[in-house]
Structure formats: structure tokens, C-alpha cells
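In: All I have is the shape, not the residue letters:
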């Protein structure tokens, strides 16, 4: 299959789409990526890239990457993000058609975390190239804008809803990363366009590399204690307050440590709370590349995932859940809805309601007192579920099958 990928985010930014492209190419498909200059999450254009001008480069697996300039996110805030989103749309409309001039593609495929507006240049490309358009929906608009407080005005949210309805109307296939996404997406699109296609994770050995960027003293902490590892963004959506409160309730277990690996807008607040409350059992490890995660996962007694108590987050399966299941370690979750359902269905660990710090501490304490054999059983159950439902090589084959079927259905309807 000849795939034209449109994504505001791509390598060297760290997103699931990078690995999916690698796997698709390894399976014999051709992928051309249209994206912007990398600037996520720090908000500054990455070293080695210029802010202005378009460039072509080759991704490590042989795919052509065409990059347009865009306004970097800066330090966040509504104005900066809005300008960042608009710059990708405008520059994409201007420059993407030139990047693919004279070429043909089976499908224009949009990877769509926020913002969904990144699909607008793809709509124009669909019309210009005469290709099938598929959007892989990672985030629900306008619901997520309301839940995060990005937009509070009701009329503005209604306008965004109309924009989403228009984008979905121009799309041939809407892939949703969670079964629970189906109903909210159907408010803005025909149900026959919607197909469940989950996020996946590239399976790799948990055995860590012999050389590492992780400090020796941190590795020693992981090996000498009963450590629960949280890996990923430390922002408002992740309900880091719940982690801090749980750590405070676990002081009576001196060997039990919560290790937070990552960065985000709430790191400063967590550091302040750690000092104010004297939480020696809370370790802020800092940010490390994905290649270093086996160093943490292989030494962890369990893996933590938390989200805020918002209706939209109950629809979502956090992408770290797939990575956690693949690691074969027990998962401890403070989640509502679909994420908790997956962990329970997999028999992979213990869960409580979102923002329930008492319940989270109780789940951790239960894991602490389990036998090694019982913990191993949880981890193994999770890994088996991952292989059956979220392993990337299998899921990439399913993606191609879905797209081929949808393209053929579209051709049949047009005759």
C-alpha cells in the first residue's frame, strides 16, 4: 500500500506513529510523511532544524519526510497553542501539495491527537489526489478542549463542534483508538464511517541494554526497593495530585517507592509537595528517551497509570497502558472507564476510581503484600492480553486490511 501520512507530530518527537511507520515499512508498504518542524514537548524547534523553510529528510526506516515551518508551541498557553495549530494548517495547505506533486497514493492517513485541525490540509490533499482519507482519532474534540479548560465559552465550543462535524464529513474512514470513542464521535459523523482501531505497541525484549543514561544510584534505588514506576507526561490530565497523596499514605512502607519518570507542567508542583510533605518515598527520576524504559520497567514491581476524573478521560485508553502490558509487569491504575476495563479484562493488575488516592494506596499495598508468584501471574496475564490485542506488527497488518476494505467499499459505492 502507498500511504501518505499527515501528522503535526513525528520523529524525533516521541509518538506512537513513529513505530507504526517503521513496522509498516518493514512489512513492505511505502510511506511518505508530511509533518512540521519538531518542537514537542519543550516548545522550541529541535536542535538541527531551522524555524523557516521546508525540508525533506529520510526517516531511519527509509521513508521520505517532508517538513513545513510552523510556529513552535512555546511555553504553552491558549494563544501559543492556537498559533501553533493554525501555522500547521496554513503552511500545510500551501506547501504539502507541492511536496507530493506528480505522485499518487492509495490513502491519505491522518494521525490525529490534538489538534484535530491537523486534518484540514489532508482534506485538501484528498480532493487534489483523489485518494481515500482516513483519520486515526486519538483525542475527542470539542470534549477535550472543555475538559482541560482550553476553551470554556459555550459558543466557542459549539463552533469547534461544527468544525469537527465538517472535518468528519469530508473523511471516508474514522478510526477510533477506544471502543468508548464510538458514541461521542457518532455525534459528529455517520456511524458507518467509524471503525475501532486501537493504539498498539512495538514488542521488544524487556531485557535492558548494558549501557544506559540512567544514573547508577537511581538503578540501585529501583533494585533495592519495591518500586512502582509511573512513566510519561506529568501534567494536569495525569492527576499527579493523586500520586502525591498516595505516596503520603504509604509512608508506613519504607521500602515502597513511587518513581515518576518523565516531565511536564506539574513537575514543579510535585517537587514542592515532595519537599513540603517530606516524601522520601516519592522519586522524581526526570525525563529519559523511550529506549531507556526497559531499565525502569524490568526493575519495577509494578507500573502506575492515573488520569483525572473527567468524562472524556473515561473514554480513553492511555497509550502507556499498552506499553505496560507488553512489559509483563502488574499494572496499578487510578482510572475510570475504558482504561480500567482493559486492565481488569486482561487480569493485569489492580484498579480504583480516578483521583481516588486512598484506593490507589490500597491497591499498591495489596500488591506489596502479594507473593512474587501472584505478581508474576498478573504480569504474565497482561502480556498475553497485549499480544492478542495490542501488538504492533499484528495491528499494522489489521490497519492495512481495514483501509483496503474501506477503499474497495468506496469504489463499489461509486460505481
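Out: On my side now, so go ahead. Keep in mind that this is a model prediction, so the values were computed, not measured. Residues are numbered from 1 along each chain as shown.
In: When you work out contacts or count neighbours from here on, use the C-alpha atoms and nothing else.
Out: Will do.
In: check which helix or strand covers residue 378.
Out: helix 372-389 (DSSP states H and E).
In: elements contacting that helix?
Out: On a contact count with 3 or more C-alpha pairs under 8 Å, 6 or more residues apart in numbering; DSSP states H and E, helix 372-389 meets helix 319-327, helix 338-346, strand 349-352.
In: closest to residue 252 out of these?
Out: Closest to residue 252 of the helices and strands packed on helix 372-389 is strand 349-352 (C-alpha to C-alpha; 20.4 Å).
In: List the buried residues for the next helix or strand after that closest one?
Out: With elements assigned by DSSP H and E, the helix or strand that comes after strand 349-352 is helix 357-369. By neighbour count on 16 or more other C-alpha atoms under 10 Å, the buried set for helix 357-369 is 357, 359, 360, 361, 362, 363, 364, 367, 368.
In: Also stretch 383-400?
Out: So, applying 16+ other C-alpha under 10 Å, buried residues of stretch 383-400: 383-387, 389-393, 395-396, 399.
In: angle of the helix or strand following the helix holding residue 378 against helix 319-327?
Out: Later in the chain than helix 372-389, the nearest helix or strand by DSSP H and E is helix 392-414. On the basis of axes from the mean of the first three to the mean of the last three C-alpha atoms, to 10 degrees, helix 392-414 is oriented at 130 degrees to helix 319-327.
In: Tell me the secondary structure at residue 21.
Out: Put simply, residue 21 is helix when judged by DSSP: H, G, I helix; E, B strand; the rest coil.
In: The stretch 51-200 of the chain: strands as residue ranges?
Out: Secondary structure of the stretch 51-200 of the chain (DSSP state E, counting those that start in this stretch): strands at 55-58, 64-68, 107-112, 132-137, 173-176, 194-196.
In: could I get those as a markdown table with distance to residue 330, mean pLDDT and mean neighbour count?
Out: Output for these, formatted as a markdown table (distance: least, C-alpha to C-alpha, whole Å; pLDDT from 0 to 100; neighbours: other C-alpha atoms under 10 Å):
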| stretch | distance to residue 330 | mean pLDDT | mean neighbour count |
| --- | --- | --- | --- |
| strand 55-58 | 38 | 96 | 13 |
| strand 64-68 | 38 | 98 | 21 |
| strand 107-112 | 30 | 98 | 24 |
| strand 132-137 | 28 | 98 | 24 |
| strand 173-176 | 26 | 98 | 24 |
| strand 194-196 | 26 | 98 | 18 |
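In: okay, now the residue nearest to residue 265 when sequence neighbours are not counted: neighbour count?
Out: Spatial nearest neighbour of residue 265, excluding adjacent residues (C-alpha to C-alpha, 6 or more residues apart in numbering): residue 235 at 5.0 Å. If you count neighbours by other C-alpha atoms under 10 Å, residue 235 ends up with 15.
In: Pull the contacting residues for residue 235.
Out: 263, 264, 265, 266, 267 (C-alpha atoms under 8 Å, 6 or more residues apart in numbering).
In: Among the residues you listed, find the one with the greatest number of neighbours, please.
Out: Busiest of those [other C-alpha under 10 Å] is residue 263, holding 20 neighbours.
In: sorry, back to before: switch the helices and strands packed on helix 372-389 over to JSON lines; also include distance to residue 175.
Out: Listed next are the helices and strands packed on helix 372-389 as JSON lines, based on distance: least, C-alpha to C-alpha, whole Å:
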{"stretch": "helix 319-327", "distance to residue 175": "15"}
{"stretch": "helix 338-346", "distance to residue 175": "16"}
{"stretch": "strand 349-352", "distance to residue 175": "27"}
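In: Dump these into JSON lines; add distance to residue 153, mean neighbour count and mean pLDDT as well.
Out: What follows is these, written out as JSON lines (distance: least, C-alpha to C-alpha, whole Å; neighbours: other C-alpha atoms under 10 Å; pLDDT from 0 to 100):
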{"stretch": "helix 319-327", "distance to residue 153": "29", "mean neighbour count": "24", "mean pLDDT": "93"}
{"stretch": "helix 338-346", "distance to residue 153": "28", "mean neighbour count": "19", "mean pLDDT": "95"}
{"stretch": "strand 349-352", "distance to residue 153": "32", "mean neighbour count": "23", "mean pLDDT": "97"}
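In: Of all those, which one comes closest to residue 305?
Out: helix 319-327 (7.4 Å).
In: How about residues contacting the helix or strand following the closest one?
Out: Using DSSP H and E, the next helix or strand after helix 319-327 towards the C-terminus is strand 331-334. With contacts defined as C-alpha under 8 Å, 6+ apart, strand 331-334 is touched by 302-307, 324-325, 340, 343, 348-356, 359-360, 363-364, 379.
In: pLDDT on strand 331-334, on average?
Out: The average pLDDT for strand 331-334 rounds to 98.
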